[in-house]
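[1] My questions concern the predicted model and sequence given below.
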Number of protein chains: 2
Amino acid sequence: MKQVVAGVDIGGTNTIFGLTDREGRVIAENRILTRDYPDINDFVTALSDAILKLVTKEVELLGIGIGAPNAHYYKGTIELAPNLPWKGIVPLAEMMKKKSRVPVVVTNDANAAAVGEMVFGGAKEMRNFIVLTLGTGLGSGIVINGEVLYGHTAFAGELGHTTVVPGGRECGCGKLGCLETYASASGLVKTVSQLMCDSRDNSVLRDIAPSALTSKIIAEAAAKNDPIAVKAMNYTAEMLGFGIINAIVFSSPEAVFLFGGLTKAGEILFRPVREYVEKNVMPVFRGTVKILPSGISESNAAVLGAAALAWNEMK
Amino acid sequence: MKQVVAGVDIGGTNTIFGLTDREGRVIAENRILTRDYPDINDFVTALSDAILKLVTKEVELLGIGIGAPNAHYYKGTIELAPNLPWKGIVPLAEMMKKKSRVPVVVTNDANAAAVGEMVFGGAKEMRNFIVLTLGTGLGSGIVINGEVLYGHTAFAGELGHTTVVPGGRECGCGKLGCLETYASASGLVKTVSQLMCDSRDNSVLRDIAPSALTSKIIAEAAAKNDPIAVKAMNYTAEMLGFGIINAIVFSSPEAVFLFGGLTKAGEILFRPVREYVEKNVMPVFRGTVKILPSGISESNAAVLGAAALAWNEMK
């Protein structure tokens, strides 16, 4: 009988999940709508039932790994998550374990991405690396000596909230000038707005409503040498490089993996990030850190990361 | 027979060393002048002989721990240390082991201070903490899950070289605006010079040649409410707080210990650091991090830290 684990990614809209074998093959998957279950008990029942429905007689379910926003790894809870329907502190691991009768582990999505990179992706041989997820925000999963860094509170690895511009852009966390307000898909859009105001350059982006502007549109414009788009991409790369440099002097990783929507820009983003880091990092670290795209395809990265978490716990 | 280890602190001027028992009592100590030995072979012979001379018939020497600038923990070497007489890469652990016939481990002084704090100081019950040594520069030793963070290169934990002011003060590392150019004893002196230029405040510090100014003099003036000294102390505390905040979002430590010359200022330094951190850290970390003075007396901290390193290896 084939042994599998379930990987679950809980998002504000969808909760996607799949059964995954030890080699990282997703052998069955499905989804439920998170918002359909305002009561956490109903959600746990629906999710557990839907996972168990995938478990045919040919496979044995060994455990469940869950990636979710505001997850507390040590306690197995989701705490005060603004984008999920359930208020307060939800003991998700315990509830899921009761229903499914297998071990359940939860962590936040960026940490799950880091475990995914280690178990199934580009970091299989690495003991020290960092994954940065560049979407609406900037999430980070940090691996030290082969283990995800959780720290005293379990909330370690919030590199998106290092201050890079004192008194800078407003961040959702309540602070000003956090890295993620610059180095993320939404940060890139903000930078375009800033540049359209500060500069007189022509740009196709001036014809698009700010609310309709996306990192994808900007990356495409940059690929065609649109001056505002190119400047915005370079500025975003430098802010990201600045954040990476400060992470390097802290933990001296072997690699920094970039993941998520913004990285679809490819070399338009990676080249200036690498150049900035090599030029500005403390000399002792020059040439010691690879800046790489994630080794996991984005289509099933969330499920694979959560599944990797479960496999990793069984080591 | 009492079991002991030797703790050795190699500095540009003195090399001090002592035998230490498991409880952190220094039962014999001595020193040699580093500069007397321009040939590393002579230094190793002299140091080894001097240590073995302390080993009476009543004690058994189990190992030697060495703290030294530019030490490479993984390789047991000292590499390209500008303030030591020996050029290139010195395989110190191997050389000392051959002479002394006991295990030898080397690390840099800030990492030794962190191990000292964990084994003999204020971090005995802690698994995640950071020690910042505030002297001429800012050194840092980071402990994650009960282990010193070395990273891929062995040079992790260079928090003194996080950039806090892009384009700011020149740093010895070749970069601009590093934390240690602001948050250190020498950074405090620089800040006084800056304030004496920018402000019209009276100050007793204006009667002292810049080259004679020390953090001790400034702290004493601040204690007497000298306006420049008070402003300089607060600015230094804020820059230090800024660096601490960015470290907190990275590793979520239980405590940050401050150690070294600058901390003799006591509450004049600690109070504004604590206030700045609590006010400005990301909300999820508020109230989670203690900012503490080192639990090791400074007089024999270097020997104890290096000895703790040796004891820790034997666990």
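    Sure thing, it's come through.

[2] Now A:Ala71: phi and psi?
    Torsion angles at A:Ala71 (phi, psi; degrees, to the nearest 10) stand at phi -80, psi 140.

[3] Distance of it relative to A:Asn108?
    A:Ala71 sits 5 Å away from A:Asn108, taking C-beta to C-beta, to the nearest Å as the criterion. (Each C-beta comes from the backbone N, C-alpha and C, glycine too.)

[4] by contact count, what packs against the longest helix that chain A contains?
    With DSSP state H applied, the helix covering the greatest number of residues in chain A is identified as helix A:227-251. Helices and strands touching helix A:227-251, by 3 or more C-beta pairs under 8 Å, 6 or more residues apart in numbering or on different chains; DSSP states H and E, are strand A:129-134, strand A:138-144, helix A:185-198, helix A:215-223, strand A:255-259, helix A:267-280, helix B:227-251.

[5] Could you list the buried residues of the shortest one?
    The reference is to strand A:255-259. Buried positions in strand A:255-259, judged by neighbour count with 16 or more other C-beta atoms under 10 Å in any protein chain shown: A:255-259.

[6] any idea which of those residues is closest to chain B?
    Set against chain B, the nearest of those by C-beta to the nearest C-beta is A:Ala255 (8.5 Å).

[7] pretty sure that closest one contacts A:Met126?
    Yes. In terms of C-beta atoms under 8 Å, A:Ala255 counts as a neighbour of A:Met126; the distance is 6.2 Å.

[8] Residues that sit against both of the two, list them.
    Taking C-beta atoms under 8 Å, 6 or more residues apart in numbering or on different chains as the criterion, A:Ala255 and A:Met126 do not both touch any residue.

[9] that older thread, quick check: which of the helices and strands packed on helix A:227-251 is nearest to B:Met282?
    Minimum separation from B:Met282 across the helices and strands packed on helix A:227-251 (C-beta to C-beta) falls at helix B:227-251, 5.7 Å.

[10] which ones are touching A:Ser184?
    For A:Ser184, the set of contacting residues under the criterion of C-beta under 8 Å, 6+ apart consists of A:134-138, A:160, A:262.

[11] which residues sit against the helix or strand hosting A:Glu60?
    In this structure, A:Glu60 is located in strand A:59-67 according to DSSP states H and E. Contacts of strand A:59-67 from elsewhere in the structure, counted by C-beta under 8 Å, 6+ apart, are A:1-10, A:19, A:27, A:51-52, A:55, A:92-93, A:96, A:100, A:102-109, A:111-113, A:302, A:305-311, A:313-314.

[12] List only buried entries from those residues.
    A:4-10, A:19, A:51, A:55, A:92-93, A:96, A:100, A:102-109, A:111-113, A:302, A:305-311.

[13] which ones are touching the residue in the stretch 201-315 of chain A that chain B sits nearest to?
    For the stretch 201-315 of chain A and chain B, the shortest gap (C-beta to the nearest C-beta) falls at A:Ser252, measuring 2.7 Å. A:Ser252 makes contact with A:128, A:285, A:288-289, B:150-157 under the criterion C-beta under 8 Å, 6+ apart.

[14] any idea how chain A splits into domains?
    Following the assignment in automatic domain parsing, chain A carries domains at A:2-115+A:299-313, A:126-294.

[15] now those domains in a markdown table, with mean pLDDT?
    Formatted as a markdown table, those follow (pLDDT from 0 to 100):
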| stretch | mean pLDDT |
| --- | --- |
| domain A:2-115+A:299-313 | 95 |
| domain A:126-294 | 96 |
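
[16] right, and these - which one's nearest B:Val230?
    B:Val230 lies closest, by C-beta to C-beta, to one member of these: domain A:126-294, at 21.4 Å.

[17] Give me the distance between the two termini of the closest one.
    Counting by C-alpha to C-alpha, to the nearest Å, you get 13 Å between the two ends of domain A:126-294.

[18] where along the stretch 1-150 of chain A do the strands fall?
    If you assign secondary structure with DSSP state E, counting those that start in this stretch, the strands in the stretch 1-150 of chain A sit at A:2-10, A:14-20, A:26-33, A:59-67, A:71-72, A:77-79, A:89-90, A:104-107, A:129-134, A:138-144, A:147-148.

[19] still on that earlier bit, and the contacts of A:Ser184, which is closest to chain B?
    Comparing the contacts of A:Ser184 against chain B with C-beta to the nearest C-beta picks out A:Gly160 as the nearest, at 8.3 Å.

[20] so what's that closest one up against?
    If you count contacts by C-beta under 8 Å, 6+ apart, A:Gly160 has them with A:137-140, A:178-180, A:184.

[21] related to what we said a few turns ago, run the chain-centre distance for the longest helix of chain A.
    Helix A:227-251 has its average C-alpha position 17 Å from the chain's average C-alpha position, going by C-alpha atoms, centre = their mean, to the nearest Å.

[22] thinking again about what came up before, identify each buried residue in the strand holding A:Glu60, please.
    By neighbour count with 16+ other C-beta under 10 Å, strand A:59-67 contains the buried residues A:59, A:61-67.

[23] That one versus strand A:2-10: what angle between them?
    30 degrees (axes from the mean of the first three to the mean of the last three C-alpha atoms, to 10 degrees).

[24] quick one: A:Leu292 is in a strand?
    Yes. Counting by DSSP: H, G, I helix; E, B strand; the rest coil, one finds A:Leu292 located in a strand.
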